[in-house]
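> just to be clear, the model below is a prediction. Sequence and coordinates:
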Amino acid sequence: MAPMKRWIGSGALLLAALTASAVPVGAQQKVQETESVDVYIPYTQFTLENGLSVLIHRDPSLPVASVNVWYHVGSKNERPGRTGFAHLFEHIMFEGSQHVPEGEFDNLLESAGGANNGSTSTDRTNYWEDVPPNAVELALWLEADRMGWLLPTMTQQKLDLQRDVVKNERRQSVDNQPYGRASEIVNAHLYPAGHPYHSPVIGSMDDLSAATLDDVKAFFRTYYAPNNASIAIAGDVNVSRVRRLVEKYFGGIPSGPPVPNVQVPDATLSADEHVVQEDAVKLPRLYVAWHSSKIFTDDDAALDVLAEVLTEGKSSRLYRRLVYDEQIAQNVSASQEGRELAGSFWIVATARPGVSLARIATAIREEIARVAADGVTAEERERAVNGIETDFVRSLEHVGGFGGKADLLNEYNVLTGDPGYVRKDVARYEHVTAAAAAAAAARYLVGKPAVWLSVVPEGETELAAGSEDR
């Protein structure tokens, strides 16, 4: 499960004024009351001879610019026994390249007043630099150098060092974190061994230990080449000048080999799978996940709306019943996790002290069945869509960082092939009716097999949910 709810690509309504500046505060209410708004983020697009896809969006409203690079590689592209490579490279890419000594990547950007970061998912790896406009050339040069000239500096010592960093990150954020292994346990049951989503993005300790220098170099040559990348430059920039800079620094990088296509049959469950994990936690927590729809489909949007109806706000279905009325849960959340190859719908609820997760599981089943049978009200639908719209507009107040306009252009370009997909994305949500949200509950959740993971305090397995609560 993603660490936070996905608003990027959520397709909420966006003011046409986004084409030139941020949304005025007083205009947001008008946006929410409008049935249809023409949405467009203007961009210039071209492709270099080596296959690098380039997008430039000019937004002079603030003196800031962002350089954002997406590589179409994530944990789904790894092979069994060699997991965690994409995330490993997220670390290695900051550790110097042929013309950038180790430690200088961050130092150069910080000296210019910039900031940078990166992240890895099942489907992609991204890197960005937010800088003053006069430092765009620096950011482009740094990105080009690690794309084209990282391998000459790739040594066994660097691999060992960053492998240890990732292992320590896994210990801190997964293995020794309360509830830290929950999502990877659920995914391991939701997707069979060998499926691209079976293994965690961070990889396993055994696989990280087994990785050789040749393994890592081969992975880089295959996936970190211009023909598998998309770069978006957004902000207060001169389009012609940026184009010349991109051609200057990236044009000489050779194209890589054809990227292997990842195709798998749809994963299915034949029956509910009940899993119990004893952990060093004080409160039991229930994780439920069903197979659902891929990203950017109509059903993906309907399930996003359904998630809002179920758990967003104090008047939502599950919050009202579990937290407010029956007071058996501390909190509850739902999310649709549409991804490139498959999707999953999650509900997570933390019980109050001493409450059996079986009670919570029963309530979840009943409320989902009630939504499917009785429907979603027009008010619930409107509130849910407005919430998605508002969060999306807020994310687009920024040109850079995670979820800003540069990031969004790359997401659409890499995952749909259409950087201007925002219009179609908006249409998906405009077309979600109350009936469609209820139908999504019936199609994907009611009576459908799911993974039910009970994380309980050590020695208290009697608090777990199981088949007996059906």
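It's in. Please read these numbers as outputs of a predicted model, since none were measured by experiment. Numbering: from 1, shown residues only.
> ok, now which ones touch Asn117?
With contact taken as CB atoms under 8 Å, 6 or more residues apart in numbering, Asn117 is in contact with 127-128, 401-402. (C-beta placed from N, C-alpha, C; glycine too.)
> distance-wise, check Asp325 relative to Glu312.
Noted for Asp325: a distance of 17 Å to Glu312, by CB to CB, to the nearest Å.
> top of the contacts of Asn117 by neighbour count?
Each of the contacts of Asn117 was scored by neighbour count (other CB atoms under 10 Å); the top score is that of Trp128, with 26 neighbours.
> what about the strands in the protein?
Secondary structure of the chain, counting by DSSP state E: strands at 44-47, 53-58, 65-71, 115-120, 125-131, 229-235, 273-279, 285-292, 329-338, 343-351, 451-457.
> how about Tyr421: what's its closest non-neighbour residue?
Sequence neighbours aside, Tyr412 is the residue nearest to Tyr421 in space, at 4.0 Å (criterion: CB to CB, 6 or more residues apart in numbering).
> what confidence value was assigned to that neighbour?
The predicted local distance difference test score for Tyr412 is 97.
> and if you look at Ala17?
Ala17 carries a pLDDT score of 29 in this model.
> quick one: end-to-end distance for stretch 171-182.
The first and final residues of stretch 171-182 sit 14 Å from each other (CA to CA, to the nearest Å).
> list the buried residues for that stretch?
Residues 174, 179-182 are the ones in stretch 171-182 that count as buried (16 or more other CB atoms under 10 Å).
> any regions of the stretch 151-300 of the chain where pLDDT drops low?
Low-confidence segments of the stretch 151-300 of the chain, defined by pLDDT under 70, are absent.
> for stretch 98-117, buried residues please.
If you call a residue buried by 16+ other CB under 10 Å, then stretch 98-117 has these buried ones: 100, 105, 108-109, 112, 114, 116.
> ugh, wrong one, I meant stretch 289-297
Buried residues in stretch 289-297, counted by 16+ other CB under 10 Å: 289-293, 295-296.
> would you list these in JSON lines and tack on distance to Ala193?
Shown next, in JSON lines, are those (distance: CB to CB, whole Å):
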{"residue": "Ala289", "distance to Ala193": "17"}
{"residue": "Trp290", "distance to Ala193": "20"}
{"residue": "His291", "distance to Ala193": "16"}
{"residue": "Ser292", "distance to Ala193": "21"}
{"residue": "Ser293", "distance to Ala193": "23"}
{"residue": "Ile295", "distance to Ala193": "23"}
{"residue": "Phe296", "distance to Ala193": "27"}
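> those residues: which two are farthest apart?
With distances taken as CB to CB, the most widely separated pair in the buried residues of stretch 289-297 is Ala289 and Phe296, at 19.9 Å.
> need the max-distance pair from the contacts of Asn117.
Within these, Tyr127 and Gly401 form the most distant pair, 11.8 Å apart (CB to CB).
> rewinding a little: counting neighbours, what do you get for the residue nearest to Tyr421?
Other residues close to Tyr412 by other CB under 10 Å number 25.
> right, and it touches Val426 too?
No - using CB atoms under 8 Å as the test, Tyr412 is too far from Val426 to be in contact (11.8 Å).
> show me what counts as buried in stretch 426-433.
Neighbour-count burial for stretch 426-433, counted by 16+ other CB under 10 Å, picks out 426, 428-430, 432.
> just checking, Ala434 touches Val385?
No - under the criterion of CB under 8 Å, Ala434 is not in contact with Val385, lying 10.1 Å apart.
> of the two, which one has the most company?
Using other CB under 10 Å, the more surrounded residue of Ala434 and Val385 is Val385, with 22 against 18.
> surely that one meets Val305?
Yes - look at Val385 against Val305 with CB under 8 Å: they come within range, at 6.2 Å.
> intersection of neighbour lists for the two?
Counting by CB under 8 Å, 6+ apart, the shared contacts of Val385 and Val305 are 429, 432.
> circling back to that earlier point, closest to Ser240 among the buried residues of stretch 289-297?
Distance from Ser240 was checked for each of the buried residues of stretch 289-297 by CB to CB. The minimum falls on Phe296, at 32.1 Å.
> wait, the closest one sits on Gly338?
Yes - assessed by CB under 8 Å, Phe296 is found in contact with Gly338 at 6.9 Å.
> okay, and the common contacts of the two?
With contacts defined as CB under 8 Å, 6+ apart, no residue is shared by Phe296 and Gly338.
> which residues does Pro178 contact?
If a contact means CB under 8 Å, 6+ apart, then Pro178 has 279-281 as its contacts.
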